[in-house]
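Engineer: Pasting the sequence and the predicted model now:
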Amino acid sequence: MSKRKAPSNESNPNHDFCEFLTELADYEKNVSRNIHKYNVYRKAAATIAAHPTRISSGAEAKKLPGVGDKISKKIDEFLQTGKLQKLEKIHNDETSQAITLLTRVSGIGPAKAQKLVQEGITTLDDLRKYKDKLSHHQIIGLKYFEDFEKKVPRQEIQEIEKVIRKEIKELDSKYEITICGSYRRGKKESGDIDALVTHPDHSSDKPAKKNREKNTVLKHIVEKLERCSLVTETLSLGDTKFMGACRLKPELPTRRLDIRFQPYDQYYCSVLYFTGSDVFNQKMRAHALEKGFTLNEYTLRPVGSTGVPGEPVEITSEEDIFDIIEYPYKNPEERNI
């Protein structure tokens, strides 16, 4: 859910490869607008980040899933010279650097960044002079740019989780809350805080007219978190998703916080999906298809001979998903691939 999620340097013997692949991915997404290449670089970076030992050649890297001939050659070039010609050109291109910088501001996408650069706005100081060109989300992103760039220590997220859990449970003890992302996968630090919330009274199959109060559930949750001074900013608030900022203590940085309210019958598919990693999710979905199911962030459905997905399978835990598609269960800490 965060804007910038690169494979962690934590205990990663190939972090330098991951860093240049992530930088190339960002360039393809934000400057070239080539989503296919972006996905290729991101997948390769995630795969290499999960490799337990130092990669010594492009040929060795090429044996890993998602690493093709072009990326293996870049690894050889980096090993031999300590740099990449393509990245050197990108670093020397002022327009590319300006677009890359502006897209790091929460709420500013590639199209908006390119438009701003075309108008001569190339730095954060320039942005601060032309706030009239920015949306509410983008203004908040600019205000907390330095804070949002900082990683959130695990201990701080644990404290934030305690507050979220306490406040929401005071509304109704039946609420279930899970902090997902790299935090749930056991990482020592994360880019932001991603929370999933559900309640057994709210399911996807209830008629809307009988479930009108569902539309106010997330609003009440956010208001409760504002009253205890945890939530400090709202970027957007819909029926099912809140994007905003929180701060545990005045002396600590302001952090990005996303909260999703999911129907109870879709909750565990969502927990699985938002826990990640991206590569692990891809493997799970591919395995599900091999076993005759289609899996996404909402449901697990059988796929019939016609190729049309059937009714969602009832899921009451993450383990159910693994069992049904006959995939060995992995603890969240084992999904960092």
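Structural biologist: Arrived safely, thanks for sending. Values in this document were obtained by computation on a predicted structure and should not be read as measured data. Numbers count the residues shown, from 1 in each chain.
Engineer: quick one, helices of the stretch 51-200 of the chain?
Structural biologist: Applying DSSP state H, counting those that start in this stretch to the stretch 51-200 of the chain gives helices spanning 58-62, 69-81, 85-91, 94-102, 110-118, 124-129, 136-143, 145-149, 154-171, 181-184.
Engineer: wait, which of the ones you listed is closest to residue 315?
Structural biologist: Ranking those by proximity to residue 315 (CB to CB) places helix 181-184 first, at 17.6 Å. (Glycine included, C-beta is placed from N, CA and C.)
Engineer: now for the closest one, which elements pack on it?
Structural biologist: Applying 3 or more CB pairs under 8 Å, 6 or more residues apart in numbering; DSSP states H and E, one finds that helix 181-184 contacts strand 189-190, strand 193-198, helix 267-275.
Engineer: can you list the ones you listed in a markdown table and add mean pLDDT and mean neighbour count?
Structural biologist: What follows is the helices and strands packed on helix 181-184, written out as a markdown table (pLDDT from 0 to 100; neighbours: other CB atoms under 10 Å):
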| stretch | mean pLDDT | mean neighbour count |
| --- | --- | --- |
| strand 189-190 | 96 | 21 |
| strand 193-198 | 98 | 24 |
| helix 267-275 | 97 | 22 |
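Engineer: which stretches of the protein have low pLDDT?
Structural biologist: Applying pLDDT under 70 to the chain picks out residues 1-11, 206-215.
Engineer: So which of the helices of the stretch 51-200 of the chain is the most surrounded?
Structural biologist: Greatest average neighbour count among these goes to helix 181-184 (a mean of 24), per mean count of other CB atoms under 10 Å.
Engineer: Could the C-alpha coordinates of that one be exported in PDB?
Structural biologist: The C-alpha coordinates for helix 181-184 follow below in PDB (Å, rounded to 0.1, in the frame of the first residue of the first chain):
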ATOM      1  CA  GLY A 181       2.700  -6.300   5.000                       C
ATOM      2  CA  SER A 182       6.300  -6.800   6.000                       C
ATOM      3  CA  TYR A 183       5.500  -6.300   9.600                       C
ATOM      4  CA  ARG A 184       3.500  -9.500   9.700                       C
END
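Engineer: What segments of the stretch 201-337 of the chain are strands?
Structural biologist: Ranges of strands in the stretch 201-337 of the chain, per DSSP state E, counting those that start in this stretch, are 231-237, 241-246, 255-261, 293-295, 300-302.
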